Structures are given as C-alpha cells and as structure tokens.
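Chemist: Pasting the sequence and the predicted model now:
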Amino acid sequence: VAAPPERVLKAFTDVDDLKRWWFAARGLIEARRGGVWALGWDLNEHGFKFAGMGTIKSYDPQKRIRIDPLVYFSPDRGIAGPFRFSVSARAKEGITRVTVRQDGFGEGPEWDAYYEGCVKGWKESLAGLKNYLEGVPR
C-alpha cells in the first residue's frame, strides 16, 4: 500500500475509516492496550447482521495491532471464537506491506467454513483498503 504504516493502522482503529473501506455501520474502538475493538455491519431495523468484538491486547500505532480474544457473530454461521486477529504494517521504500493474521481457529465444519470465508473476505477487503488509502475511486 502506498501509505505510511501509521496511516494503514489508523484505518483499522478509526471508525470513520472503517465505515469507508470496510463498510462497517458502527463501531467503538479504544485504540490502546486493553481497549475495546467492536464493529457492526449491515445495520437494519433489527440490529446488526454481523458483529465482531474483542480486546486490544497490544497496539503500536506505527507497527501493529493485536486483538485477542475476538468473537464474531454471523446469522449464517452463528458465533465464531474466541480467536486472535492482528494487523502489522512495515514500510520499505515508500510502500507498506500489510499483513493480516487470524489464528486460534477451532476444528470442525463450522470452523472450516469460517476459515474459507476469511481467506476470500480478506483478499477483497485488503484490495478495498489499498484502493481507499491510495485514493482510487470505487
């Protein structure tokens, strides 16, 4: 991504940014160790269709954020979690390499389906993050 690491990480901790590139409907994020990280998507008259909530285990605004534990709620797959989620950003020659890691998955068909959804979803989401931070119109 052609953006500095601190800007990349801000895109994961600023609710207004998350609304723009990840299409979160609402959120509450306390960007500090021990802070809350909670997002809801697809708001309707009954509430959120999807939600993710966790605790920020570690945070360096220029290098990494780690949320542990994280729990995800989906009407299709129920509740997934707890697991770990982290984003790291490392700059080299004006370009930042963004690494997203989710681990701590359980075993079984529900976890397999969640994992496959993550693989597909992160490819799309990270492309959207790159376009957003580089000012590419949608």
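Modeler: Everything's here; your move. Residues are numbered from 1 along each chain as shown.
Chemist: just checking, what's the longest helix in the chain?
Modeler: Using DSSP state H to define each element, the chain has its longest helix at helix 109-133.
Chemist: Relative to the centre of the chain, find the outermost residue for me.
Modeler: Glu93 (25.2 Å; CA atoms, centre = their mean).
Chemist: Per-residue pLDDT of that one, please?
Modeler: Glu93 is assigned 92 on the pLDDT scale.
Chemist: Ignoring the adjacent residues along the chain, who's closest to the spatially most central residue of the chain?
Modeler: Nearest residue to the geometric centre of the chain (CA atoms, centre = their mean): Phe12, 6.1 Å. Nearest non-adjacent residue to Phe12, counting by CB to CB, 6 or more residues apart in numbering: Val87, 5.2 Å away. Bear in mind the C-beta positions are built from the backbone N, C-alpha and C, glycine included.
Chemist: partner residues bridging the one you found?
Modeler: Beta-bridge pairing of Val87 under DSSP bridges involves Ile65, Val100.
Chemist: what's near enough to touch it?
Modeler: Applying CB atoms under 8 Å, 6 or more residues apart in numbering, we find Val87 in contact with Val8, Leu9, Phe12, Arg64, Ile65, Val98, Thr99, Val100, Arg101.
Chemist: One more pass at 7 Å, please.
Modeler: Leu9, Phe12, Arg64, Ile65, Val98, Val100 (CB atoms under 7 Å, 6 or more residues apart in numbering).
Chemist: where do the strands sit along this protein?
Modeler: 24-29, 36-44, 47-60, 64-74, 78-92, 95-103 (DSSP state E).
Chemist: Let's have those in JSON lines, adding distance to Val136.
Modeler: Converted to JSON lines, those look like this (distance: least, CB to CB, whole Å):
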{"stretch": "strand 24-29", "distance to Val136": "20"}
{"stretch": "strand 36-44", "distance to Val136": "22"}
{"stretch": "strand 47-60", "distance to Val136": "25"}
{"stretch": "strand 64-74", "distance to Val136": "24"}
{"stretch": "strand 78-92", "distance to Val136": "19"}
{"stretch": "strand 95-103", "distance to Val136": "15"}
